[in-house]
Structures are given as structure tokens and as C-alpha cells.
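*Asks:* here's a sequence, model it:
(one chain, ligands or ions: 1)
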Amino acid sequence: MKNIKTMTMEWTGNSLVLIDQRYLPLEEKYVECRNYLDVANSIKDMVVRGAPAIGATAAFGFVLGAKEFSHLSDKNLFLNKLDEVKNSLSKTRPTAVNLFWALNRMDKVLKDSFQNEETNDLVKTLEEEALKIAYEDIEINKQIGKNGETLLNDGDTVLTHCNAGALATVDYGTALGVIRAAVENGKDIQVYADETRPYLQGARLTVWELVKSGIKTTLITDNMAGWVMKQGKINAIIVGADRIARNGDVANKIGTYSVAVLAKRHGIPFYVAAPLSTIDIETKDGEGIPIEERNHNEVRFCHKTRLVPDDVNIYNPAFDVTPNELVTAIITEKKVLRSPYEKNIMEVVTL
Ligand SMILES: CSC[C@@H](O)[C@@H](O)C(=O)COP(=O)(O)O
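*Replies:* From the prediction side, this is the model:
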């Protein structure tokens with residue numbers, strides 16, 4: 001398979017180059033990951049973020065680990081080393097289930113091919129699998145876009161929270177993919193982007209990539225969302241997801257829950273766009289989803305400006321859970337799922 005190069009990432013064959021999302025939109029810098037620890041640090045430090053992008057990045061991290069230890073003549077030692085690689089990549093971010101999904105997929109390919117292949121061939125097989133995950137992600141997002149765009153009408157204004165765009169995936173995006181697909185289909189769609197405190201993925205990333213794509217975008221602060229809904233400016237809400245439980249509860253960027261509650265109050269459809277790899281059928285409901293708590297400096301500072309002294313108590317959950325009854329539909333690559341979620345989710349994942 002050909003090496004891949006998108007706005008978010010490039011696999012060169014020996015390294016993974018990531019656009020450094022911490023500096024966007026003011027600076028376009030890149031980080032070159034030459035080994036699996038570079039990859040683990042890039043995920044942890046948010047050089048790359050967004051559930052599907054994290055998954056694909058981790059898969060390439062697994063390949064870099066395999067390359068690093070391919071000199072070991074003892075194949076079992078090689079296997080043990082790859083267990084360590086998987087372990088350290090899996091400790092980077094706890095909520096986005098695509099991370100574990102991608103690592104398990106890589107691990108399965110390794111175990112399935114282990115008896116019949118020499119180490120060098122195993123490395124090639126793993127590289128092929130990581131590229132497959134990356135290419136598939138783009139196709140899946142386009143399919144999510146096609147399925148979701150039918151829910152939007154010409155002239156609609158969509159509100160989104162965080163960044164579930166090209167930057168959060170290998171390319172094209174999930175929530176923003178639906179908007180892209182509607183625009184590509186000739187519909188006139190405008191977007192309101194929540195800034196998404198504290199990390200400002202909406203202000204810094206969503207606005208950047210939508211403007212770059214020529215999509216009309218208006219930035220609002222998070223606390224304006226209710227008022228723009230009340231004013232009748234919003235026809236639909238579309239967000240991404242980090243993990244969807246078996247019953248359809250959705251973990252996504254902190255603030256998503258508030259948007260869903262506001263949407264209900266104003267009778268606005270609240271859609272979640274996500275690949276099936278974001279659905280975690282092992283987790284019964286939202287209670288079981290681990291919520292990452294991040295560094296307090298993300299709240300203490302607003303983009304490098306200190307807001308409060310060090311001794312102020314801070315709470316910084318990076319995600320929240322929106323209960324399924326607030327979700328109008330979940331847009332996947334297979335179909336648009338509606339309530340009853342558990343039944344419909346189980347049907348689609350076992351198809
Ligand atoms: C297609 S990305 C879906 C989600 O991962 C996205 O909405 C989100 O919450 C990202 O959080 P982040 O902390 O920036 O990784």
C-alpha cells in the first residue's frame with residue numbers, strides 16, 4: 001500500500017510526521033516521530049488529538065515499535081517487546097476508544113501472522129495494517145458524510161462543538177465530514193463553532209479547517225450557544241464522539257452535554273457522527289466510560305495568559321457523557337442509528 005499523506009499526518013515509511021495541533025492556527029509546525037515513544041508522547045501531549053486520528057497514530061506507533069525491535073533474533077523477545085509498545089501507547093489517553101481498538105487490531109494481526117512469518121515480514125504485515133486503518137478511516141468518514149448529509153437542508157446552520165474534522169481523523173472528519181458532504185452536494189450550509197474551553201479546539205482547529213475549506217463559519221464562546229439557539233439561528237447540532245457505550249450514551253469533549261441539554265430545550269436535533277470503531281459494546285452505559293482529567297494549567301491559563309494564581313482549586317475533566325435520550329441520532333458509516341440504541345447498535349455491529 002502507498003504511504004499516506006494528509007493534512008493531519010504523513011507516514012514516510014520510517015517515521016510519522018504530524019501537524020502540531022498545539023500551535024494551530026497561528027503557526028504550522030510539524031513533529032516527526034521516529035520511534036514509538038515519540039508517538040506516545042505526541043498523543044499524550046495533544047500534538048495529535050481526536051479519536052480516529054489517535055487510533056491511526058497509535059497504529060503507526062506500533063509499526064515503529066516493531067521496526068525498532070526487528071533486529072532481535074529471538075522472535076518471542078520481539079513479541080514481548082511489542083507487548084511493551086502496546087502497553088505504553090495504550091496509556092496515553094483513556095477516553096477515546098479508537099486508541100484501544102486500533103492497538104487491538106494491530107496486535108491481532110501480529111498474533112495471527114506470528115507462526116508463519118519471519119520478523120521482517122511481520123513488520124511489513126503490520127505496516128500494511130496501519131496503512132489500511134488510515135486509508136479506511138478516510139473512506140469511512142466519507143461514508144458517514146454521505147449518510148449524514150441527508151439530515152441537513154439547503155440553507156441550514158449547524159452548531160458544532162470541539163473539532164471532529166479532518167484534523168481529528170486521518171482526513172475529511174466525522175461531524176465536519178457531514179457538513180463537508182452537504183456542501184459538496186450543493187447545499188448552502190453555515191457553521192457556528194463553539195470555542196471549546198479550555199483547550200479551544202473549536203476556536204483554533206474547527207474554524208481554521210472550515211475557513212480553509214471555504215465553509216462559512218462563525219466563532220462563538222461556549223456560553224453563547226444557548227442564546228444563539230434561542231434566537232433561532234441553529235437548525236441542527238453535529239458533534240463527534242470519543243466513545244459510545246452499548247446503550248448509546250456518548251462521551252465527547254467537555255461541554256457537549258450542555259449543548260445537548262440546550263438542544264433539547266430548543267427542539268433542535270442533536271446528532272453524533274462517529275465510526276463504528278468508536279462504539280464500545282463492552283461498556284454497558286456512560287457510567288463505565290473513563291473520563292480523562294487533564295492538567296489544571298489548561299484551565300488556570302487561557303492560551304498562555306494566566307487567569308488565576310496557583311492556589312485556586314481547579315477541576316478539569318476533558319470529556320462529559322451525554323445520555324442517549326438527548327441524542328437524536330448517531331450517524332455511522334453503515335447507517336443512521338436512532339433509539340432504541342442498544343438494539344440498533346447491536347444489530348449494526350454484528351452485521
Ligand atoms: C472525530 S473526533 C471526535 C472526538 O474525538 C472529538 O469530538 C473530541 O472530543 C476530541 O477531544 P480531544 O481532547 O481534542 O482529543
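*Asks:* confirm Thr57 sits in a helix?
*Replies:* Yes - when the secondary structure is assigned by DSSP: H, G, I helix; E, B strand; the rest coil, Thr57 falls within a helix.
*Asks:* just the pLDDT for Thr350.
*Replies:* In the predicted model, Thr350 carries a pLDDT score of 84.
*Asks:* please apply the same query to Ser73.
*Replies:* According to the model, Ser73 scores 89 on pLDDT.
*Asks:* who in the stretch 1-150 of the chain is up against the ligand?
*Replies:* Arg49, Gly50, Ala51, Pro52, Ala96 (C-beta under 6 Å from any ligand atom). All C-beta atoms are positioned from the backbone trio N, CA, C, and that covers glycine.
*Asks:* could you identify the most distant pair in these?
*Replies:* Checked with C-beta to C-beta, those reach their widest spread between Arg49 and Pro52, with 10.6 Å between them.
*Asks:* overlap in contacts, those two.
*Replies:* Common contacts of Arg49 and Pro52, defined by C-beta atoms under 8 Å, 6 or more residues apart in numbering, comprise Ala168.
*Asks:* more neighbours, these two?
*Replies:* Counted by other C-beta atoms under 10 Å, Arg49 and Pro52 do not tie: Pro52 has more neighbours, with 34 against 26.
*Asks:* pull out the buried residues from the host helix or strand of that one.
*Replies:* Secondary-structure assignment from DSSP states H and E places Pro52 in helix 51-68. In terms of neighbour count (16 or more other C-beta atoms under 10 Å), helix 51-68 has its buried residues at 51-68.
*Asks:* also stretch 246-253?
*Replies:* Neighbour count says stretch 246-253 has Arg246, Asn247, Gly248, Asp249, Val250, Ala251, Asn252, Lys253 buried, by 16+ other C-beta under 10 Å.
*Asks:* and those residues near the ligand, which?
*Replies:* Taking C-beta under 6 Å from any ligand atom, the overlap between these and the neighbourhood of the ligand is Asn252, Lys253.
*Asks:* of the buried residues of stretch 246-253, just say which sits nearest to Ile19.
*Replies:* Minimum distance to Ile19 across the buried residues of stretch 246-253 is 19.3 Å, recorded for Lys253 (C-beta to C-beta).
*Asks:* tell me how far the residue nearest to the closest one when sequence neighbours are not counted lies from Asn41.
*Replies:* Excluding the flanking residues, the one nearest Lys253 by C-beta to C-beta, 6 or more residues apart in numbering is Cys162, at 3.6 Å. Separation of Cys162 from Asn41 (C-beta to C-beta, to the nearest Å): 22 Å.
*Asks:* which of the two has more neighbours?
*Replies:* Cys162 (29 against 15).
*Asks:* tell me which element the more buried one falls in.
*Replies:* With elements delineated by DSSP H and E, Cys162 resides in a region that no helix or strand encompasses.
*Asks:* circling back: which of the buried residues of stretch 246-253 sits closest to Arg34?
*Replies:* The shortest separation between Arg34 and any of these is 30.1 Å, and it belongs to Lys253 (by C-beta to C-beta).
*Asks:* now do the phi/psi pair for the closest one.
*Replies:* Here the main-chain torsion angles of Lys253 (degrees, to the nearest 10) amount to phi -50, psi 140.
*Asks:* that one: what's it in contact with?
*Replies:* With contacts defined as C-beta under 8 Å, 6+ apart, Lys253 is in contact with His161, Cys162, Thr196, Gln201, Val239, Gly240, Asp242, Ala318, Phe319, Asp320.
*Asks:* go with 7 Å
*Replies:* Taking C-beta atoms under 7 Å, 6 or more residues apart in numbering, we find Lys253 in contact with His161, Cys162, Thr196, Gln201, Phe319.
*Asks:* which stretches of the stretch 151-300 of the chain form helices?
*Replies:* Remark: helices assigned in the stretch 151-300 of the chain by DSSP state H, counting those that start in this stretch are 175-184, 201, 207-212, 225-230, 256-266, 297-300.
*Asks:* out of these, nearest to the ligand?
*Replies:* Taking C-beta to the nearest ligand atom, helix 201 is the member of the helices of the stretch 151-300 of the chain nearest to the ligand, at 4.9 Å.
*Asks:* what about the nearest residue in space to Thr125 that is not next to it in sequence, how many neighbours?
*Replies:* Closest residue to Thr125 in three dimensions, ignoring its sequence neighbours and counting by C-beta to C-beta, 6+ apart: Ser113, at 5.1 Å. Counted with other C-beta under 10 Å, the neighbours of Ser113 add up to 15.
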